[in-house]
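Trainee: Give me coordinates for this.
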Amino acid sequence: MPDGERYDVVVIGAGPGGYTAALEAARCGFRTALVERRAYLGGVCLNEGCIPSKALLSAADVIETIGRGGVFGVTAGEVHADWSALQARRVEVIQTLRQGVAGLLRAASVEVMTGAARLASATAVEIEQEDRTIRIDADRVVLATGSSPNLPAAWAGLDGVHTSTEMLALGALPASVTIVGGGVIGCEFASMLVRMGVSVRVVEMAERLLPMVDADVAAVLGDRLAEQGVAMRFGARVAELFCEGGVCRVELADGESWESEKVLVAVGRRPNTAGLGLEEAGVGVDARGAVEVDAGLRTALPTVWCIGDANGRTMLAHAAMSQGRHVVRAMLGVEEAYDATVPWCVYTSPELAWVGVSAQEAADRGLSVHTGDFPYAALGKAHASGESAGLFRLVVDAGGVVVGGQVAGAHATELINQVALMVAGRMTVAQAHAVAWAHPTLSEGVGEAASAALGLAVHVPGPRVVREAALVLGGV
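Mentor: Numbering: from 1, shown residues only. Okay, the predicted model is just below:
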């Protein structure tokens, strides 16, 4: 590619947000280039995060299901994880999806370039390649450079201490792992590893797992992990970490210590914004390293936007994809604040998922809400499937509108999308109650939770609210 080539849109970073923005721009008629520093597409999500972790978690699900065969009247032999085979499948899944992304970009006539890009100006990008540095002009630039795992400098390089990236590709399944961090990533690895026969311990500074979720909903997962043998320590801070001779020792601030073969550090992620020439070009970066953007995801430069983890707003792949579509609309003249409804998912056993406002958050903010709860144990399909542990919760405002929801239980990450549609569409619980939800299904638990908010859930005891319910339902 010669110097000085001009594009309508240049996207820096080929993760989910970047390639979505590039595809959307190209399909809307913009001449588009996509620059990726690595030799493969898909970013962290496809290569080192969402997809490979779900491939391994799916294997753990199979192990668990076979192990519970007796519940269904099915007798099976001894089950164990063949780590080398699991790793081969992980690689195969990644390669298949990489090829799929590459094919989509080719079909859309997106020019894909490999190299380390930096913002040379508001309308120019420099790309450092193996044998040369080129400069291309761009009417519009989208920064989509993603994020990397946080790893304290004192622990970097210790043999046996890993981030999620390295843990997914270990050469052998360890006998024991200590996980520092009880957030989404820490919980997923704990759930995966313990079901593969690994001794797992989790240490978390907060007083419980997943503090962003209502305590009783998070407890559905915490109780299951404890039953499976995961040892958990809360309100604890790691003071020292040592590794020697294939053994790692974690020492807490209160003096407690233990040993394990591996340590996974899962304490969040940081935006990848170093070396992009942002401040020199006039793009602001905050103390975390996140690119500063306005409500429409535009930087201080009117021709430059930033999406996904790099802006630090909602560090999720599907949020990045949604933001990518949003900025292309802005390029087409549709100027509006980005305010998408974004669900969160935890792919553990059982799964957790949530969207919108939680009951605890509403209480903290002084909002007038009530909840509609419905247990998995009251669903026929849950019992037939052997998955009766769990809870559906809808958060409802004073006008009866669903403003949030949480699901803990089997297939929660699939079910939450129904709640997300309710929140995004400002659906009322009366409208949800009026739907004929398919039976027997797990999804009817969402409808039953809406009915419960009215005091009308069929399959759990409820108060007598005939007159009040008639008034509400009359407004459907």
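Trainee: Endpoints of stretch 309-316, how far apart?
Mentor: 7 Å (CA to CA, to the nearest Å).
Trainee: roughly how far is it from the heart of the chain?
Mentor: Here stretch 309-316 is found 11 Å from its chain centre; the criterion is CA atoms, centre = their mean, to the nearest Å.
Trainee: Please apply the same query to stretch 304-323.
Mentor: Taking mean C-alpha positions (CA atoms, centre = their mean), stretch 304-323 and its chain are 12 Å apart.
Trainee: Enumerate the positions of that stretch that are buried.
Mentor: Under the neighbour-count criterion of 16 or more other CB atoms under 10 Å, stretch 304-323 has 304-323 buried. Bear in mind the C-beta positions are built from the backbone N, C-alpha and C, glycine included.
Trainee: Take those and keep only those in strands.
Mentor: 304-306 (DSSP state E).
Trainee: from the residues you listed, which single one is nearest Ala138?
Mentor: Nearest to Ala138, judged by CB to CB, of these is Val304 at 9.0 Å.
Trainee: How about the closest one: what's its closest non-neighbour residue?
Mentor: Computed as CB to CB, 6 or more residues apart in numbering, the closest residue to Val304 that is not its neighbour in sequence is Val141, at 4.6 Å.
Trainee: and if you look at Leu173?
Mentor: Setting aside the residues directly before and after it, Leu173 is nearest to Trp83 in space (CB to CB, 6+ apart), at 4.1 Å.
Trainee: That neighbour: what's it in contact with?
Mentor: Contacts were defined as CB atoms under 8 Å, 6 or more residues apart in numbering; by that measure Trp83 touches 170, 172-173, 196.
Trainee: Val198 versus that one, what's the distance?
Mentor: Per CB to CB, to the nearest Å, Trp83 is found 10 Å from Val198.
Trainee: one step back: pull up the per-residue confidence for the residue nearest to Leu173.
Mentor: With respect to pLDDT, Trp83 scores 96.
Trainee: ditto for Val79
Mentor: Confidence score, pLDDT, at Val79: 89.
Trainee: would it count as being in a strand?
Mentor: No: Val79 is assigned coil when assessed by DSSP: H, G, I helix; E, B strand; the rest coil, not a strand.
Trainee: The closest residue to it other than its chain neighbours: neighbour count?
Mentor: Spatial nearest neighbour of Val79, chain neighbours left out: Ile66 (4.8 Å); criterion: CB to CB, 6+ apart. If you count neighbours by other CB atoms under 10 Å, Ile66 ends up with 13.
Trainee: Please apply the same query to the one 5 residues further on.
Mentor: Val71 sits with 10 neighbouring residues when counted by other CB under 10 Å.
Trainee: same deal with Asp364?
Mentor: Asp364: 9 neighbours (other CB under 10 Å).
Trainee: before we move on, the earlier item: are any of the contacts of Trp83 buried, and if so which?
Mentor: Buried, going by 16+ other CB under 10 Å: 173, 196, out of the contacts of Trp83.
Trainee: With respect to Phe30, which of the contacts of Trp83 is nearest?
Mentor: Leu170 (42.0 Å).
Trainee: Where does that closest one fall, secondary structure wise?
Mentor: Assessed by DSSP states H and E, Leu170 sits outside every helix and strand.
Trainee: same thing with Tyr338?
Mentor: Here Tyr338 is covered by no helix or strand, with elements defined by DSSP H and E.
Trainee: Look at it and say how many residues are nearby.
Mentor: 22.
Trainee: Would you check that it makes contact with Asp294?
Mentor: No: using CB atoms under 8 Å, Tyr338 is not in contact with Asp294, being 9.4 Å away.
Trainee: Now do Phe189 against Leu264, distance only.
Mentor: Applying CB to CB, the value for Phe189 to Leu264 is 6 Å.
Trainee: Residue ranges in this structure under the pLDDT threshold?
Mentor: Applying pLDDT under 70 to the chain flags the ranges 1-3, 463-476.
Trainee: Which helix runs longest in it?
Mentor: If you go by DSSP state H, the chain has its longest helix at helix 83-107.
Trainee: Show me what counts as buried in that one.
Mentor: 83, 86-87, 89-90, 93-94, 97-98, 101-102, 104-105.
Trainee: Name the nearest of those residues relative to Val203.
Mentor: Of the buried residues of helix 83-107, the one sitting nearest to Val203 (CB to CB) turns out to be Trp83, at 24.6 Å.
Trainee: what about the residue nearest to Val304, neighbour count?
Mentor: Val141 has 28 nearby residues by other CB under 10 Å.
Trainee: Run through the residues that contact it.
Mentor: Contacts for Val141 (CB under 8 Å, 6+ apart) come out as 9-12, 119, 122-123, 125, 303-305.
Trainee: can you check Val184 too?
Mentor: Applying CB under 8 Å, 6+ apart, the residues near Val184 are 210, 344, 346.
Trainee: Take these and write them to a markdown table, including secondary structure.
Mentor: Putting these into a markdown table (three-state DSSP) gives the following:
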| residue | secondary structure |
| --- | --- |
| Leu210 | coil |
| Trp344 | strand |
| Val346 | strand |
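Trainee: Between the residues you listed, identify the one with the most neighbours.
Mentor: Within the contacts of Val184, neighbour counts (other CB under 10 Å) peak at Leu210, which reaches 25 neighbours.
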